[in-house]
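In: Attaching a predicted model along with its sequence, questions to come.
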Amino acid sequence: MKSDLIRKGIERLPHRALLYATGIPRSEMNKPFIGVATSFTDIIPGHIGMRDLERFIEKGVHTGGGYPFFFGIPGICDGIAMGHRGMHYSLPSRELIADMVETIAEAHQFDGLVLLTNCDKITPGMLMAAARVNVPAIVVTAGPMLSGYMKGKRLSLVNDTFEAIGKYQKGLLKDSDVAELEMCACPGAGSCQGMYTANTMACVTEALGMSLPGCATALAVSSKKRRIAFNSGKKVVELVRKKITPGKIMTQKAFENAIKVDMALGGSTNTVLHIPAIANEAGISVTLEMFDRISKKTPHISNMLPGGTHYLEDLEYAGGIPAVMKRLKTGSHNILTVSGRKSYDIAGKAEIIDPEVIRPLNRAYHREGGIAVLKGSLAPDGAVVKQTAVTKKMMKFKGTARVFNSEERAMRAILADKIKPGDIVVIRYEGPKGGPGMREMLNATASIAGMGLSESVALITDGRFSGGTRGPCIGHISPEAMEGGPIAVVRDGDKISIDIPGRKMDLLVSDREIKERFRKWKPARPKINKGWLARYAASATSANTGAVMKQNLKEENR
């Protein structure tokens, strides 16, 4: 076993002495050493229940014949970090998490890993590390939150609190409504209730084969989640003994399956950053074009929040990801999973309990999947939109640019009622380098929706959006402004054309005028020039390559 490097031979006498100092009995010293990376914190609702799940993972590892060692990994709540300096740190934290899991796993030579995670950047960071370290590993996502309730109405965090800001500004909500809403929207532990980034990544992880069947949608408060945690701890020891590593599971075909499930669910646009980053660590190339190709062939069969009406608990009670895989079985690949079962077996034995939540392909909510990749004179290397959350009226739109060099400036204009029907809000210098950190624009997009403008105003940015964004909001514009992409020279009053079905987005300005503007253009000064974020900005790649750090790219992609 790999851990023999720290416990076998006379030269490891000091190492054994230190291990015994932790309290490990001599009888356990020859068992597989399992590292349990836990992102428990008491500031993220999705993570507050992890102390309980840690106990069940520990029981499972012991039952399976291994010995667990826990270590902590940091987590950021994107909702709390939203709309201020804190959001700069969210996407870069993915790289830190991957590095930290790698560091602890390699320093202590663990034989296997259980990765206890839940929210937006923690899950992809853990998966990146699993691919990089490539010892047997299994992911436990801590589960979604129950829906909130207020005066008989079901609530979710994004659709009912972030959009309430715009409604309040319009006089549609009273102070007493706001006070009640903030107490009711999030009733307890779990990731936010819709198909936002945390839950999308949990579903992607299960479809990828890296967590046990049912894990993605099993509710955070359920005994089912406890049993999954226990079985995951037990199963990882089996994976160690059978030498089944992430490299044998996270294959090209597995990534295609995961993207297919993502498209069928109408998942967060953030997966277009995270899946390529995970694949890169596994030595596999996943491109924007792959997302678009799979989306065109995959019907949108689950109408989840934010664009739809169903909550994660609805998907759980409808049959979960195994039931979604059953719908998509034809055209999917039969891949190995950490459960030891092949994906066809999991899909074949699944039960579709609610055919309205998980519709048949011939009765899909939309003919195509959740994400569309747009290109054109404004986004030569691509841009991303969640097309299943855009109304038919706004699928094609031509508008007038209102340009802002930061999210804060755009928010002031939106809340001051300065954005009018027919406008296209352009927020730039918010990309991986320009942000730095590619901040989510949920405050801006939710305020536009809350003010009733999502049928008449579009928003485009080189930053990104929360999984909770709905409406004609196009992000990940590449190249970004800081790198001299065309978005850098857009001016107030320019006309912009958006054609989502045609996969086009163009700045309606002559090539000659654009060249003249670039002749006079200088990039904005960095917003942050010290600390970790300055280092991230210096090495972050474009959004169309996953916004990974350069040293993590395969040589041919540099």
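Out: Perfect, I can see it now.

In: What are the phi and psi values at residue 34?
Out: Main-chain dihedrals, residue 34, degrees, to the nearest 10: phi -110, psi 120.

In: List the beta-bridge partners for it.
Out: Legend: beta-bridge partners of residue 34 under DSSP bridges are residue 68, residue 112.

In: Surely it is in contact with residue 71?
Out: No: assessed by CB atoms under 8 Å, residue 34 is found out of contact with residue 71, at 11.2 Å. (C-beta placed from N, C-alpha, C; glycine too.)

In: Same drill for the two, tell me which one is more crowded.
Out: A count of neighbours by other CB atoms under 10 Å puts residue 34 above the other of residue 34 and residue 71, at 31 against 15.

In: any idea how far the more buried one is from residue 103?
Out: In this view, residue 34 and residue 103 are 17 Å apart by CB to CB, to the nearest Å.

In: likewise residue 464?
Out: From residue 464 over to residue 103 (counting by CB to CB), the distance is 27 Å.

In: repeat for residue 30
Out: For residue 30, the distance to residue 103 - CB to CB - is 25 Å.

In: returning to what we had before: same drill for residue 464 and residue 103, tell me which one is more crowded.
Out: Legend: neighbour count by other CB under 10 Å for residue 464 and residue 103, higher for residue 464 (32 against 13).

In: wait, what's in contact with the more buried one?
Out: 91, 269, 270, 273, 438, 439, 440, 441, 475, 476, 543 (CB atoms under 8 Å, 6 or more residues apart in numbering).

In: Let me know the distance separating it from residue 345.
Out: According to CB to CB, residue 464 stands 36 Å off from residue 345.

In: Over to residue 439?
Out: Residue 439 sits at a distance of 42 Å from residue 345 (criterion: CB to CB).

In: Look at the two and report which has more neighbours.
Out: Between residue 439 and residue 345, residue 439 has the larger neighbour count (other CB under 10 Å), namely 30 against 15.

In: Contacts only, for that one.
Out: Going by CB under 8 Å, 6+ apart, residue 439 touches 87, 88, 90, 407, 430, 463, 464.

In: what's the distance between it and residue 216?
Out: Counting by CB to CB, the gap from residue 439 to residue 216 is 26 Å.

In: centroid residue for the chain?
Out: The centre of the chain sits closest to residue 197, judged by CA atoms, centre = their mean, with a distance of 3.9 Å.

In: surely that one meets residue 273?
Out: No: assessed by CB under 8 Å, residue 197 is found out of contact with residue 273, at 9.6 Å.

In: pretty sure residue 394 contacts residue 454?
Out: Yes: here residue 394 reaches residue 454: they are 7.5 Å apart, a contact under CB under 8 Å.

In: which residues do the two both contact?
Out: By CB under 8 Å, 6+ apart, the residues touching both residue 394 and residue 454 are 471, 472.

In: With adjacent residues omitted, what lies nearest to residue 157?
Out: Using CB to CB, 6 or more residues apart in numbering and skipping the chain neighbours, the partner closest in space to residue 157 is residue 192 (4.4 Å).

In: so that neighbour sits right up against residue 160, yeah?
Out: No: in this structure, residue 192 is not within contact of residue 160 by CB under 8 Å, at 10.7 Å.

In: And these two? Which one has more around it.
Out: A direct count of neighbours by other CB under 10 Å for residue 192 and residue 160 places residue 192 higher, at 32 against 23.

In: List the contacts of the more buried one.
Out: With the criterion set at CB under 8 Å, 6+ apart, residue 192 makes contact with 45, 46, 79, 144, 145, 156, 157, 158, 186, 198, 199, 468.

In: swap in residue 438?
Out: Taking CB under 8 Å, 6+ apart, we find residue 438 in contact with 91, 273, 430, 431, 432, 462, 463, 464, 543, 547.

In: Need the per-residue pLDDT for the third one.
Out: This means residue 430. Residue 430 is assigned 96 on the pLDDT scale.

In: How much space separates it from residue 129?
Out: For residue 430, the distance to residue 129 (CB to CB) stands at 27 Å.

In: next one: residue 339
Out: Plainly put, residue 339 is 21 Å away from residue 129 if you go by CB to CB.

In: which residues touch residue 489?
Out: Counting by CB under 8 Å, 6+ apart, residue 489 makes contact with 514, 517, 518, 521.

In: would you turn the residues you listed into CSV with neighbour count and pLDDT?
Out: Below are the contacts of residue 489 laid out as CSV (neighbours: other CB atoms under 10 Å; pLDDT from 0 to 100):
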residue, neighbour count, pLDDT
514, 16, 97
517, 15, 97
518, 12, 97
521, 12, 96
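
In: Mark which of those residues are part of helices, please.
Out: 514, 517, 518 (DSSP state H).

In: What sits closest to the second one if chain neighbours are left out?
Out: Taking CB to CB, 6+ apart as the measure, residue 517 lies nearest to residue 489, with 3.9 Å between them; neighbours along the chain are not counted.

In: ok, the one you found to residue 460 distance?
Out: Taking CB to CB, one finds residue 489 at 14 Å from residue 460.

In: ditto for residue 479
Out: From residue 479 to residue 460 the distance is 14 Å (CB to CB).

In: Do you know the pLDDT at residue 139?
Out: 99.

In: so it sits in a strand?
Out: Yes: assessed with DSSP: H, G, I helix; E, B strand; the rest coil, residue 139 lies in a strand.

In: Torsion angles phi and psi at residue 549?
Out: According to degrees, to the nearest 10, residue 549 has phi -80, psi 140.

In: Now do the same for the closest residue to it other than its chain neighbours: its pLDDT.
Out: The shortest distance from residue 549 to any non-neighbouring residue, by CB to CB, 6+ apart, is to residue 539 (4.6 Å). Residue 539 is assigned 93 on the pLDDT scale.

In: Tell me how many other residues surround residue 539.
Out: Residue 539 has 15 neighbours, counted by other CB under 10 Å.

In: Residue 147 touches residue 153, doesn't it?
Out: No: applying CB under 8 Å as the test, residue 147 and residue 153 come out as separate, 9.7 Å apart.
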